[in-house]
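[1] sequence and computational prediction follow.
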Amino acid sequence: MRADKGRGENIFWISLAFALDIADNDNVSKQSGIPANPQRPALRKAPPSGSCLLTTAGRGVAGLSRKRNRKAADAKYRKAHRAEITASKAIYREAHKAQIAAYNAGYNKIHKTQKAIRGAKRYKEHKTQIAAQCTVYRKTHKIQTAATVAAWHKGHMDKVRDIKARRRALKAGATVEKVNRALVYERDSGRCHLCGRKVNPKKWHLDHIIPLSKGGEHSYRNVAVACPKCNMSKGAKVRGQLRLY
Ligand SMILES: [Zn+2]
């Protein structure tokens, strides 16, 4: 019982000394505005210079050094076991295909802009290599490429028609301007310039008022909305008036 009491007192005095020491070190008295007691001796002196005791800064330097050593050791290991690591990664990727795809999809959704910027930068820096890789891929994956192109065409019909019209005009040696079908549709209020009827927004023809074969140009001035029936019956005849804008 006595021994227990003695130990309890010791712990109390040690705790008090520790608390006072921390208070002194942290300049609590300064912060609270109460001057520190000059009579009270410092309970823990600063380590002399050259001492083996580590200060906070010392611990930082040691930590950094340990980190550097660990990094160097890791790099050395990776270099020596490159093949095993690659094989192990491939096994992991194969076994966790679905999780990796889900993670990538989530990441790409959140980081769309960053991904686009990175992609554009990479494309600019490696244009030739990427073109060569694409050529090889297209040659070795003919079916997949055709399917991808068909899907894109289906989703971008207006763009495809614009490209085709421009190509046809170029072939005919006409003056070619970049014409946006959607703008022409809006300008003509979706009405056929031959019969005046409203056309189906998904099935209308971009008609050249003066046909390309007759020297007409592919420009906003020489194109108009036409319903397929009127356009097909018109053929290469010049009908309607030339619009001037
Ligand atoms: Zn019509």
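    On my side now, so go ahead. Remember, predicted model here, so these are calculated numbers, not experimental data.

[2] next helix or strand past the helix or strand of the chain with the lowest mean pLDDT?
    Within the chain, no helix or strand scores below helix 28-32, which has a mean of 45 by mean pLDDT, DSSP states H and E. Counting by DSSP states H and E, the element after helix 28-32 in chain order, helix or strand, is helix 56-80.

[3] could you pull out the buried residues of that next one?
    Residues of helix 56-80 include none that count as buried (16 or more other Cβ atoms under 10 Å). Heads up, the C-betas are built off the backbone N, CA and C, glycines and all.

[4] run the chain-centre distance for it.
    32 Å (Cα atoms, centre = their mean, to the nearest Å).

[5] ok and the next helix or strand after that helix relative to helix 56-80, angle-wise?
    Sequence-wise, the next helix or strand downstream of helix 56-80 (DSSP H and E) is helix 82-95. Note on geometry: by axes from the mean of the first three to the mean of the last three Cα atoms, to 10 degrees, helix 82-95 and helix 56-80 are set 90 degrees apart in direction.

[6] helix 82-95: how far from the chain's middle?
    26 Å.

[7] residues contacting it, please?
    By Cβ atoms under 8 Å, 6 or more residues apart in numbering, the surrounding residues in contact with helix 82-95 are 78, 100.

[8] now the angle from the helix or strand following it to helix 82-95?
    Later in the chain than helix 82-95, the nearest helix or strand by DSSP H and E is helix 97-110. Angle, helix 97-110 to helix 82-95, by the same axes, to 10 degrees: 90 degrees.

[9] list the buried residues for helix 97-110?
    For helix 97-110, the neighbour count (16+ other Cβ under 10 Å) marks no residue as buried.

[10] now tell me what touches it from outside.
    So helix 97-110 is in contact with 93, 115, going by Cβ under 8 Å, 6+ apart.

[11] equivalent analysis for stretch 121-137, please.
    With Cβ under 8 Å, 6+ apart, stretch 121-137 has contacts from residue 145.

[12] what's the answer for stretch 193-204, then?
    Contacts of stretch 193-204 (Cβ under 8 Å, 6+ apart): 157, 185, 190-192, 207, 209, 224-228, 230-231, 234, 239-240.

[13] please apply the same query to stretch 167-186.
    The contact list for stretch 167-186 (Cβ under 8 Å, 6+ apart) reads 158, 161-162, 165-166, 201, 204, 206, 208, 212-213, 215-220, 223-225.
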